[in-house]
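Colleague: Take this sequence and fold it.
(chains A and B)
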Amino acid sequence: DGGITQSPKYLFRKEGQNVTLSCEQNLNHDAMYWYRQDPGQGLRLIYYSQIVNDFQKGDIAEGYSVSREKKESFPLTVTSAQKNPTAFYLCASSTTYRETQHFGDGTRLSIL
Amino acid sequence: ELKVEQNPLFLSMQEGKNYTIYCNYSTTSDRLYWYRQDPGKSLESLFVLLSNGAVKQEGRLMASLDTKARLSTLHITAAVHDLSATYFCAVGHREWSGATNKLIFGTGTLLAVQP
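Modeller: Have a look, this model is predicted:
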């Protein structure tokens, strides 16, 4: 079945550590996105990519980095510069930027 | 800067009743989406509205769009407990240069349907 796979489901980060969240899609979508959701709030865009080897900052990119070397994959690294990383992270993809975004099941990141 | 406001933020309603969730946005846009999120889960796409006057219906949910008023509504008819979830609207934002294309999400409406 086609879909978006995020891993791991739960992740714990130690002080000063970088961690990478995986997002893989087999929907043949060109566009991919990373969002952060804090409790009781909406989604805020971290980074997005409309095509392979290209990505743009969203509204809260500081402390995060991404790569888009393959169409299917859009990993997000939460760096030690992100001082408040505890949140629910959602990856999404769409055929193009105009089409409906489909979401993965999310990764819940906490600080140890 | 595009801002998206939803109201109410929390809605407690009895089964069998009707109610409407409102989504206002601050600048022109060419697309609006409604999503559903169950607690601790991902987002499920409900509707996409692309033109003024667009109306979409699925079961007990009906969404409409008024681009002149910059307003979308999600109407719930004869609510049932299974509709309990958080509902988000999201508005497409494209900068004049075309360099940025993204969705701006509302803060969500937590719907609790009581038996």
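Colleague: what does chain B put close to chain A?
Modeller: Contacts of chain B with chain A, taken as CB under 8 Å from any CB of the partner chain, map to B:4, B:30-31, B:33, B:41-45, B:48, B:88, B:90, B:92, B:94, B:99-108. Backbone N, C-alpha and C define where each C-beta goes, glycine included.
Colleague: 7 Å instead?
Modeller: B:31, B:33, B:42-43, B:45, B:48, B:88, B:100-103, B:105-108 (CB under 7 Å from any CB of the partner chain).
Colleague: burial of the closest residue to residue A:71 other than its chain neighbours, as a residue count?
Modeller: Leaving out its chain neighbours, the residue that sits closest to residue A:71 by CB to CB, 6 or more residues apart in numbering or on different chains is residue A:52, at 5.2 Å. For residue A:52, the neighbour count with other CB atoms under 10 Å in any protein chain shown is 15.
Colleague: I'd like the distance between residue A:52 and residue B:64.
Modeller: Separation of residue A:52 from residue B:64 (CB to CB, to the nearest Å): 37 Å.
Colleague: one step back: could you find which two of the residues of chain B next to chain A are furthest from each other?
Modeller: B:42 and B:100 (24.4 Å; CB to CB).
Colleague: Check the spacing between the one residue sitting closest to the centre of chain A and residue A:110 real quick.
Modeller: Nearest to the mean C-alpha position of chain A, by CA atoms, centre = their mean, lies residue A:34 at 3.1 Å. From residue A:34 across to residue A:110, the span is 18 Å (CB to CB).
Colleague: would you list every one of the strands in chain A?
Modeller: A:4-7, A:10-13, A:19-25, A:31-37, A:43-51, A:54-57, A:64-66, A:76-78, A:87-94, A:102-103, A:107-111 (DSSP state E).
Colleague: closest to residue B:26 out of those strands?
Modeller: Per CB to CB, nearest to residue B:26 of the strands of chain A: strand A:43-51, 16.6 Å.
Colleague: so what does that closest one touch, helix or strand wise?
Modeller: strand A:31-37, strand A:54-57, strand A:64-66, strand B:101-105 (3 or more CB pairs under 7 Å, 6 or more residues apart in numbering or on different chains; DSSP states H and E).
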